[in-house]
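Chemist: this one's structure only:
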């Protein structure tokens, strides 16, 4: 366990963020391994099947990650204030609520899966593979949710290394199972989903057992899985649901764009899937600093140290802006080779559209860097409304673009969608951050 209320902010944040960054890289390797192996063994058909429904899994997984990260913020506040009993009880409730919520989300999605895929305009020639792939992924959502809950809770008490270790093992296992199921057993696209879910089951179970053995402070009793007081449950749900809405509205906006993208043809679907993987790599530091600042702000807010929060924000934004410049340089030099490697294709139209996306969007990366850090820092300080409002602005912007701009500008409409909504989103966050830091 690590106390983030002491020590030089830049050093504390960077050391805390490092394992989260490495973990995020391995987490991204999950989806990259699926894409690479599907491309090698199944070609464009396998990539199109997985790519056409990837937005749906991103939506469900983002909702659960936001929920569990919100739970972790409250755990961090209790830990920062030194209340170990409330820290343990909050952890217990986090686990039970994460499992229950994930089962409800999975049941809903599976029940209406055919209708959802129809709304997404999944091409008929890959419908069977796409349906099987996403069905398996959503059925295993509970195991991903449990791991994310454990990871968020451990980070809340300052341990960012334990989740990393289990995630590395899980990623390596997933890659091996991908090759076995897709290449060896010839299970196709569903095989990639089975590999992912199997590795998540092993990862979440092992992490849960280790947490109970290693941290007696988090060793809850069975009866603590049920809330004894409504006030504690209300506080937990307020934080969890606000972050879940924030994350899921971002993903839902992306999903609405996916519906428009699926109408533009198979090459565009593959190009967008590949370029979004690269964007995920580029934006990893922004998300990592955001996640770190949620915990850092939560602990320091609980300890009454707004001065440390202010300094932490300045440091993380500054580093993120330097990294944004690096992303721009890569996009204008090495991007074609990177896209070719990700998509396992030489097709000119796919590579050209993917590179075009990066050359435009990376120029605006300074804005999402601020968005990620401000949104999560505000959540850590107990401000739940503004991050949700900002995310709703993103959702609304992407819906309007999917409906009105994409039919006119085709893929360029998709490319322009991100910078447009980023500019809209950042305004209320800047206003809210200035107001929150001035409060006594």
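Modeler: Structure received. A quick note: this is a predicted structure, and the numbers were derived from the prediction, not measured.
Chemist: now residue 278: closest residue in space, sequence neighbours ignored.
Modeler: residue 338 (6.0 Å; C-beta to C-beta, 6 or more residues apart in numbering). Heads up, the C-betas are built off the backbone N, CA and C, glycines and all.
Chemist: confidence score at the one you found?
Modeler: Note for residue 338: predicted pLDDT of 91.
Chemist: for residue 311, same thing?
Modeler: pLDDT at residue 311 comes out at 92.
Chemist: ok, it touching residue 9?
Modeler: Yes. At 4.6 Å, residue 311 counts as touching residue 9 under the criterion of C-beta atoms under 8 Å.
Chemist: out of the two, which sits in the busier spot?
Modeler: residue 9 (21 against 16; other C-beta atoms under 10 Å).
Chemist: number of nearby residues for residue 135?
Modeler: For residue 135, using other C-beta under 10 Å, the count is 18.
Chemist: whatever helix or strand it lives in - contacts with which helices or strands?
Modeler: Using DSSP states H and E, residue 135 maps to helix 127-139. Applying 3 or more C-beta pairs under 8 Å, 6 or more residues apart in numbering; DSSP states H and E, one finds that helix 127-139 makes contact with helix 44-51, helix 54-81, helix 84-111, helix 113-119, helix 188-214.
Chemist: angle of that helix against helix 54-81?
Modeler: 10 degrees (axes from the mean of the first three to the mean of the last three C-alpha atoms, to 10 degrees).
Chemist: which parts of helix 127-139 are buried?
Modeler: Neighbour-count burial for helix 127-139, counted by 16 or more other C-beta atoms under 10 Å, picks out 127, 129, 130, 131, 132, 133, 134, 135, 136, 137, 138.
Chemist: phi and psi next, for the residue nearest to residue 278.
Modeler: Phi and psi for residue 338, reported as degrees, to the nearest 10, are phi -70, psi -50.
Chemist: can you report how many residues neighbour it?
Modeler: 21.
Chemist: now do residue 251
Modeler: Neighbour count of residue 251, defined by other C-beta under 10 Å: 23.
Chemist: confidence score at the spatially most central residue of the chain?
Modeler: Centroid check for the chain by C-alpha atoms, centre = their mean gives residue 62 as the closest residue, at 5.2 Å. Looking at residue 62, its pLDDT stands at 84.
Chemist: distance of it from residue 49?
Modeler: Separation of residue 62 from residue 49 (C-beta to C-beta, to the nearest Å) stands at 21 Å.
Chemist: go on, residue 173?
Modeler: In terms of C-beta to C-beta, residue 173 sits 23 Å off from residue 49.
Chemist: which one of those two is surrounded by more residues?
Modeler: Set residue 173 next to residue 49 and count neighbours by other C-beta under 10 Å: residue 49 wins out with 29 against 17.
Chemist: who are the contact partners of the more buried one?
Modeler: 38, 126, 129, 130, 133, 189 (C-beta atoms under 8 Å, 6 or more residues apart in numbering).
Chemist: repeat that for 7 Å
Modeler: With contact taken as C-beta atoms under 7 Å, 6 or more residues apart in numbering, residue 49 is in contact with 126, 129, 130, 133, 189.
Chemist: redo those as CSV? Include distance to residue 373.
Modeler: Below are these laid out as CSV (distance: C-beta to C-beta, whole Å):
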residue, distance to residue 373
126, 38
129, 39
130, 35
133, 34
189, 36
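Chemist: where does pLDDT dip in the protein?
Modeler: Scanning the chain for pLDDT under 70 picks out the ranges 1-3, 29-31, 44, 228, 230-232, 250, 440.
Chemist: identify the residues contacting residue 388.
Modeler: Per C-beta under 7 Å, 6+ apart, neighbours of residue 388: 242, 245, 246.
Chemist: and whichever strand or helix holds residue 325, what does it pack against?
Modeler: Under the criterion of DSSP H and E, residue 325 resides in helix 306-331. Of the remaining helices and strands, those touching helix 306-331 by 3 or more C-beta pairs under 7 Å, 6 or more residues apart in numbering; DSSP states H and E are helix 9-42, helix 284-302, helix 366-380.
Chemist: got CSV for those, with distance to residue 142 too?
Modeler: Output for those, formatted as CSV (distance: least, C-beta to C-beta, whole Å):
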stretch, distance to residue 142
helix 9-42, 17
helix 284-302, 22
helix 366-380, 24
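Chemist: between those helices, which one is closest to residue 354.
Modeler: Closest to residue 354 of the helices and strands packed on helix 306-331, according to C-beta to C-beta: helix 9-42, at 12.5 Å.
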